[in-house]
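> this is the structure alone, sequence omitted:
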Ligand code: SF4
Ligand code: SF4
């Protein structure tokens, strides 16, 4: 399904939510009436239109939907993709630790994230913002994240990457009127892109500016498409829906590190299972002085910062 298709589906779902009398029988007629405004191939099928919320999908539903999405992706990008759906692992709660003392602000993490997660290149969507802060200041509001590359590794500044903090008490989840975003058992906050109505309440509620809205159809070329996809993570998004970092759940639930960590040249990023007493993140939390952003808000981030060598 293309971005424009989802926009149609999104409008229709809004109608559902607000109680508009839309019947399945009228879908075809409604879509046909809009036909002059879009390409025929962008008219939503009844299947897409009635797709249930992820949490109500049976294994059989999922199989069918994933196969349909894979066909659509192949048609759109000319590339075979696989959509997986890894589940949270019992006894695992993920946490991230970022060592500000090591970050040089090179932004390799930003671009590795874009590549891994099929973010739109035009317009550009990025989940990670690396804030450049004058040494001695911690004022995030006056820091910049769009500094030119030659301004990285400036000894007079420090660099603080900010992305979704996977809050234990996430305000973004509370405000969603259709429950399109929720917390999984391993603590990762996810979004059902087919259920999101694009109201942007979650974006407004997030105190970390971690959510990104697709104002237009995401621009991603076949060459840039990462075909290894997760249904709740990096599968292509649509115009009119929200997205954000998912701790690369399609990788991390299968024992791999997030893409941003793997590419970091300084070892500033650490990731692991908070409930495992032998994990690197647990050891850092037990032995170092760690910080969370905007602690006073009570969001309880699982993204920690440490200033160490
Ligand atoms: S890749 Fe590592 S060093 Fe570079 S900006 Fe990201 S966290 Fe900092
Ligand atoms: S950082 Fe923002 S988007 Fe992420 S869980 Fe917290 S409130 Fe939600």
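Right, received. Where do you want to start? Given the structure is predicted, the values throughout are model-derived calculations rather than measurements. Ligands and ions are numbered 1, 2, ... in the order given.
> what average pLDDT does the host helix or strand of residue 72 get?
Taking DSSP states H and E as the criterion, residue 72 maps to helix 59-77. Regarding helix 59-77, the rounded mean pLDDT is 96.
> the one residue sitting closest to the centre of the chain: what's it in contact with?
By CA atoms, centre = their mean, the chain has its centre lying nearest to residue 244, at 2.5 Å. By CB atoms under 8 Å, 6 or more residues apart in numbering, residue 244 lies in contact with 127, 163, 164, 189, 191, 210, 211, 212. C-beta coordinates here come from the backbone N, C-alpha and C atoms, glycine included.
> can you pull the pLDDT of the first one?
On pLDDT, residue 127 comes in at 98.
> verify the stated contact: it with residue 118.
No - applying CB atoms under 8 Å, one finds residue 127 not in contact with residue 118, separated by 11.4 Å.
> so which of the two has more stuff around it?
Per other CB atoms under 10 Å, whichever of residue 127 and residue 118 has more neighbours is residue 118, with 25 against 22.
> three-state assignment of that one?
With DSSP: H, G, I helix; E, B strand; the rest coil as the basis, residue 118 sits in coil.
> and it, what pLDDT?
Reading off the model, residue 118 has pLDDT 98.
> gap between residue 130 and residue 306?
From residue 130 across to residue 306, the span is 16 Å (CB to CB, to the nearest Å).
> sorry, wrong one. I was asking about residue 78.
45 Å.
> give me the more crowded residue out of the two.
For residue 78 versus residue 306, neighbours defined as other CB under 10 Å are more numerous around residue 306 (19 against 9).
> does that one really touch residue 95, like I thought?
No - with contact defined as CB under 8 Å, residue 306 does not count as touching residue 95 (11.9 Å).
> circling back to that earlier point, residue 296: which of the contacts of residue 244 is nearest?
residue 210 (17.6 Å; CB to CB).
> who's in contact with that closest one?
127, 162, 163, 164, 165, 244, 245.
> how many residues are close by the third one?
A count of nearby residues for residue 163, using other CB under 10 Å, gives 24.
> need the contact list for it.
So residue 163 contacts 113, 127, 128, 129, 210, 244, 245, 260, 303 (CB under 8 Å, 6+ apart).
> that older thread, CSV please, covering the contacts of residue 244 and showing distance to residue 225 and secondary structure.
Below are those laid out as CSV (distance: CB to CB, whole Å; DSSP: H, G, I helix; E, B strand; the rest coil):
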residue, distance to residue 225, secondary structure
127, 17, coil
163, 22, coil
164, 22, coil
189, 24, strand
191, 20, strand
210, 24, coil
211, 23, coil
212, 18, strand
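> between these, which is closest to residue 63?
Closest to residue 63, out of all of the contacts of residue 244 and judged by CB to CB, is residue 191, at 21.4 Å.
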